[in-house]
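Asks: just a sequence and a predicted model for now, questions to come.
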2 protein chains.
Amino acid sequence: MFDQFRKYLDDKTNLSEEDFQLIESVSITKKLRKHQFLLAEGEVCSFNAFVCEGLLRKYSVDDKGIDRTVYFATENWWIADRKSLMEGTPSKYFIEAVENSTALLISKANFEMICERIAPFKDMVNLILQRSLNATHDRINNTFQSTAEEKYKHFLRSFPNLANRAPRHMVASYLGITPETLSRVRKDISTK
Amino acid sequence: MFDQFRKYLDDKTNLSEEDFQLIESVSITKKLRKHQFLLAEGEVCSFNAFVCEGLLRKYSVDDKGIDRTVYFATENWWIADRKSLMEGTPSKYFIEAVENSTALLISKANFEMICERIAPFKDMVNLILQRSLNATHDRINNTFQSTAEEKYKHFLRSFPNLANRAPRHMVASYLGITPETLSRVRKDISTK
DNA sequence: AAAAACGCTTGATAAATATCAAGAGGATCA
DNA sequence: TGATCCTCTTGATATTTATCAAGCGTTTTT
């Protein structure tokens, strides 16, 4: 399972054999069955997770009991509740396996230790943060004042492989529209 | 003008006198009149800007010529087009002074140099990045599937001092609603 | 000081989306 | 295998929001 992570790291940065061994020594393999939670609301998030296979999603539940999907993570993506992790506060989010999945978990303390000891790793992490911020701004920019159809098209462009893996109602909640509206949008697009 | 930045840095991190002098030596004071652009669409963003006083906003213009405000920055906030800065690509955004403002500009090369030479500065930058990402996720979480009224209330909570400084149409475009709807929402709220 | 431009509000109407309700097809489970 | 649960779709209606249009102060310009 670590092989995949190693390949990822090899691609993104330049580490020594020693570095890899250190990272492997603190990476915990976690298998998740569909519907299983990696994090539940109210818990303090204590890890960063790297997704090796499968699909996870992060969502909150509002006053009316409605899901709000904030994020999807597939192979080679990171997932965590950074705010809870940074501040040690209870999370407002659930992180749930949408498919049977495998992730590598690195605890907060170990993650910081690695960043401290392996400068290129730290740089990589910060680069990912920047990219993530850019992507999030892009998402806001492309969906805030758009119609349901435009939002969905942008989603398809951004995550072409996700549209068929994630259930519609999750995609709908990611886009901030109802499943019914998404269904109609899909119909409209297909009949053009 | 650098005093304010110095105070900010003193608050956020721990720098030596030498560090301050290095940072000051690469900080360029820029005065902006209301409506003046700090960055225009199509230009490559070449700096990070720290706002000393005034109010700036970052926005794009869509196909139909409609503004999409992505970000406001007041005193002690940073602003730039990170994507353009990182990748050296033409920006899709305008950065404009909403009020007469003063900012400190640090060029890309100098910013990287500072990060390289002053480790605590680099750490501070990365912490800000993380916070920024958290805030952006929070924004998505609180406005994507909300009504106009909920969006505006969340805005008031997040930026209590901005609601009266920024023109309504900019706030509206930040929230992804029309100025008319914002006007009605404000009326509804005030008559309760 | 008058004219023009701008920002905001309000009203009437149109369009988009949500809500409520029902049903069809597949997967899952006993 | 049949029953149940999920997921998705579709229809009818209600609600929200956008659009179009007009008017009123304020600020800016000349």
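Replies: Noted; the coordinates are in hand.
Asks: residues near the nearest residue to A:Ser107 once chain neighbours are set aside, how many?
Replies: Spatially, and ignoring its direct neighbours in sequence, A:Ser107 is nearest to A:Phe47 (5.3 Å; C-beta to C-beta, 6 or more residues apart in numbering or on different chains). Any C-beta I mention is one placed from the backbone N, CA and C, and that applies to glycine too. A:Phe47 has 22 neighbouring residues, counting by other C-beta atoms under 10 Å in any protein chain shown.
Asks: now do the one 5 residues further on
Replies: By other C-beta under 10 Å, the residues close to A:Cys52 number 20.
Asks: that one touches A:Leu104, doesn't it?
Replies: Yes. Counting by C-beta atoms under 8 Å, A:Cys52 does reach A:Leu104; the two are 6.2 Å apart.
Asks: what touches both of those two?
Replies: A:1, A:5 (C-beta atoms under 8 Å, 6 or more residues apart in numbering or on different chains).
Asks: and chain A, which residues reach DNA strand C?
Replies: Within reach of DNA strand C by C-beta under 7 Å from any atom of the strand, chain A has these residues: A:147-149, A:176-178, A:180-181.
Asks: chain A: helices as residue ranges?
Replies: Ranges of helices in chain A, per DSSP state H, are A:2-12, A:17-26, A:82-87, A:108-117, A:119-143, A:148-158, A:168-175, A:179-190.
Asks: now, of the ones you listed, which is deepest in the fold?
Replies: Mean neighbour count (mean count of other C-beta atoms under 10 Å in any protein chain shown) peaks for helix A:168-175 among the helices of chain A, with a mean of 21.
Asks: can I get that helix as PDB, trimmed to CA atoms?
Replies: Extracted in PDB, the C-alpha atoms of helix A:168-175 (Å, rounded to 0.1, in the frame of the first residue of the first chain):
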ATOM      1  CA  ARG A 168     -26.000  12.000  -7.600                       C
ATOM      2  CA  HIS A 169     -27.200  13.400  -4.300                       C
ATOM      3  CA  MET A 170     -23.600  13.900  -3.200                       C
ATOM      4  CA  VAL A 171     -22.700  15.600  -6.400                       C
ATOM      5  CA  ALA A 172     -25.900  17.800  -6.000                       C
ATOM      6  CA  SER A 173     -24.900  18.700  -2.500                       C
ATOM      7  CA  TYR A 174     -21.400  19.500  -3.700                       C
ATOM      8  CA  LEU A 175     -22.900  21.900  -6.200                       C
END
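Asks: how about that helix and DNA strand D, touching?
Replies: Yes. Using C-beta under 7 Å from any atom of the strand, helix A:168-175 reaches DNA strand D at A:168-169.
Asks: got a markdown table for the helices of chain A, with mean pLDDT too?
Replies: What follows is those, written out as a markdown table (pLDDT from 0 to 100):
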| stretch | mean pLDDT |
| --- | --- |
| helix A:2-12 | 94 |
| helix A:17-26 | 96 |
| helix A:82-87 | 94 |
| helix A:108-117 | 97 |
| helix A:119-143 | 91 |
| helix A:148-158 | 93 |
| helix A:168-175 | 93 |
| helix A:179-190 | 92 |
